[in-house]
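1. fold the following, please.
(one chain, ligands or ions: 3)
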Amino acid sequence: MPATVIVGLQWGDEGKGKTTDFLAEQVAVVVRYQGGDNAGHTVVVGDETVKLQLCPSGVLYPHITSVIGNGVVVNPATLIRELDMLMARGVDVSKVRVSRSAHVIMPYHVALDKGNETRLADAKVGTTGRGIGPTYGDRAWRLGLRMEDLVDEPTLRERITRSLVDKNLLLAAMGVDTFEVEPLVAQGLAWGERLRPHLDDSTWIVQDALRRGDHVLLEGAQGTLLDLDHGSYPFVTSSNPVAGGACTGGGIGPLQVDEVIGVMKAYSTRVGSGPFPTELFDEVGKGIAERGREFGTVTGRPRRVGWFDTVPLRYAVAVNSNSAIVLNKLDILSGIETIKVCVAYEIDGKRVDVWPSSGAALSRATPIYEDFPGWEEPIHNVRSLADLPENARRYVTALEEHAAVPIVFVSVGSERTQTIERAWRPMRHRSGLGA
Ligand code: GDP
Ligand code: IMO
Ligand code: MG
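-> Residues are numbered from 1 along each chain as shown. Ligands and ions are numbered 1, 2, ... in the order given. Predicted coordinates for the structure are as follows:
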C-alpha cells in the first residue's frame, strides 16, 4: 500500500506541479491535500502549458483519479473554471473527485481577506487575496460551509444566515460592501448542482486504492516555510503544507506513507511579505528572476529572488522526514560566474546554524555564504548527471550533502521530459506493488 507525499521545501513555487506530473504517470490516484486557489502549479507537456490551482497535477493523464482532499479549501467558481479549461483542452475530468468535507471559500471570505490586508497596510502578509485565511478560520471556528452543504438547501441557507451576521459587521467596519443571504444561497446551489457529480468521500477513495495495492501520490501546495506552524508566522499561509498535512488533509495515516519527496529549486524565491535572509537586490537577482520567469502564477506579482539557503533546508528535511529530494530549475543558474549558498546566519553577532523559530530573530539574520564557481553553458538538453558541467555537479552534490537526503531527480527545463533521473527506484517496481 505505497503512498508518496510531494512537499515543497521552500516558500512555494518550487516546481511541485512539474514533479507531480512527472511521477503521476506511474500511479493510480493523485490527491491535493491542503491550500486552495492560492496555489498555481504549472505543467508543461510539449508545447502546452497548463496552470492548475485546485486539480492535482496528475489530471492530464487519463488513467489518474484526481482527488481534491478534505484539507483543501475550494472556491467553487475557480474549480468550475478550471474544469471548463481542462475540458476545452480535451482532458477527461470525469475522474476528478472532490471531498464532501472540503470547506468552501465564499465571496465574503475573499472580501474579508482583501479588507484585512488593506487594514494591515504596511504590516500586510501579502496574501493572494483568495480568502484562504478567513475560510480556514471559519473551519476552525466551526462556522464554515462544506462542499456537501452546496447540495443541501436548508442547511446552506441556515449556515449562511448564521455566518453572515458577524461577517457583515466586520465588512462594514472595514468599509467594504456587505452581503445578502439569498443571492449567496442561489449562487451556492448553482455551484452545488454543477459540482454534484464530482462530490465524493475522498478518504475512502484513497483507502480503497491503498488496499488494492494501487500507488497514491499526495501533492502539497505552498511550501514548508509558508506552513502555519513551521513558517515565519504571521507571514505564512493558513494550512499545513508539510508532509503531516497529507495525513490530516488527504485521508491517510502516517504509517501508510512510504516516501516523502521534497521539492526545491536551485535558488530561493518568495512571494508576499516576510523575512528572506538571502534576498538579492542586484543584477544577478534580476537575471535569475528573468530567466526563471519568476512571476506569481496566481497573482502575476514579481517573486522576490535570493540565493539557495541551506539553513531552512535542514529544518524542512527534518519536519517533513524527507526520503528523497527533487532539485528543479538548475538550468536557470547557467551563466552566473559565482554562485553563493547560505550555510549559516549571523544573528546579533553570533553564528547560528539552525532555522530560528522566531520570525523576529530571522529578520535580523545576515547570511554566511560559501562560494561555488558557476558554469557557462546551457544545460536544458542534458539528460544524465555525468553530462552536466563539473561545477554544476559539484553544486548538486553540495546541496545534497547539506540536506543529507539523496537528490533523485534534477530538472533542467519546464517540459515534462527535461529531467535527469538519478538514484531513483521507479515506483512501479517497488515491492508490494506486484508489478
Ligand atoms: P509550483 O507552485 O511548485 O508547482 O511551481 P510553479 O508552477 O508555480 O513555478 C515553477 C515554474 O518553473 C513553472 O513555470 C514551471 O514550468 C517552471 N519549471 C519547473 N521546473 C523547471 C526547471 O527545471 N527549469 C525551468 N527553466 N523551469 C522549470
Ligand atoms: P504554490 O502552491 C508561493 C503566499 C502568499 C503570502 C502567503 C499567504 O503555487 O507554491 P495566502 O493567500 O495563502 O493567505 O497568502 O503565502 N503563498 C504562496 N507563495 N506559492 C504559493 O503556492 C503560495 N500560496 C500562498 O504570497 O505570502
Ligand atoms: Mg506556484
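2. and the stretch 201-350 of the chain, which of its residues are near ligand 2?
-> Taking CB under 6 Å from any ligand atom as the contact definition, the stretch 201-350 of the chain meets ligand 2 at 221, 222, 223, 226, 237, 238, 271, 272, 297. (Glycine included, C-beta is placed from N, CA and C.)
3. out of these, who's near ligand 1?
-> Applying CB under 6 Å from any ligand atom to those, those adjacent to ligand 1 are residue 297.
4. three-state assignment of residue 317?
-> What DSSP: H, G, I helix; E, B strand; the rest coil gives for residue 317 is helix.
5. roughly how far apart are it and residue 248?
-> Going from residue 317 to residue 248 by CB to CB, to the nearest Å gives 21 Å.
6. and those two? Which one has more around it.
-> Taking other CB atoms under 10 Å, residue 317 and residue 248 do not tie; residue 317 has more neighbours (22 against 15).
7. give me phi/psi at residue 121?
-> phi 50, psi -120 (degrees, to the nearest 10).
8. how about the helices in this structure?
-> Ranges of helices within the chain are 16-24, 76-88, 107-120, 132-140, 153-173, 181-195, 202-212, 243-250, 283-291, 310-320, 359-363, 390-403, based on DSSP state H.
9. got the residues of the protein near ligand 3?
-> 13, 40, 297 (CB under 5 Å from the ion).
10. need the contact list for residue 148.
-> Residue 148 sits next to 100, 101, 199 when contact means CB atoms under 8 Å, 6 or more residues apart in numbering.
11. what's the local residue count around residue 255?
-> Other residues near residue 255 come to 9 when the count uses other CB under 10 Å.
12. I'd like the distance between it and ligand 2.
-> 27 Å (CB to the nearest ligand atom, to the nearest Å).
13. what of residue 42?
-> 8 Å.
14. what's the nearest residue to that residue if we skip its chain neighbours?
-> Ranked by CB to CB, 6 or more residues apart in numbering and with sequence neighbours excluded, the top spatial neighbour of residue 42 is residue 17, at 4.9 Å.
15. close enough to count as contact, that neighbour and residue 32?
-> No: between residue 17 and residue 32 there is no contact under CB atoms under 8 Å: 10.9 Å.
16. interface residues of the stretch 201-350 of the chain facing ligand 1?
-> Neighbours of ligand 1 within the stretch 201-350 of the chain, by CB under 6 Å from any ligand atom: 293, 297, 328, 329, 331, 332.
17. these: which two are farthest apart?
-> Using CB to CB, those span at most 18.8 Å, a distance reached by 297 and 331.
18. and these two? Which one has more around it.
-> residue 331 (22 against 19).
19. domain parsing for this protein?
-> Using automatic domain parsing, the domain ranges for the chain come out as 3-88+201-421, 103-197.
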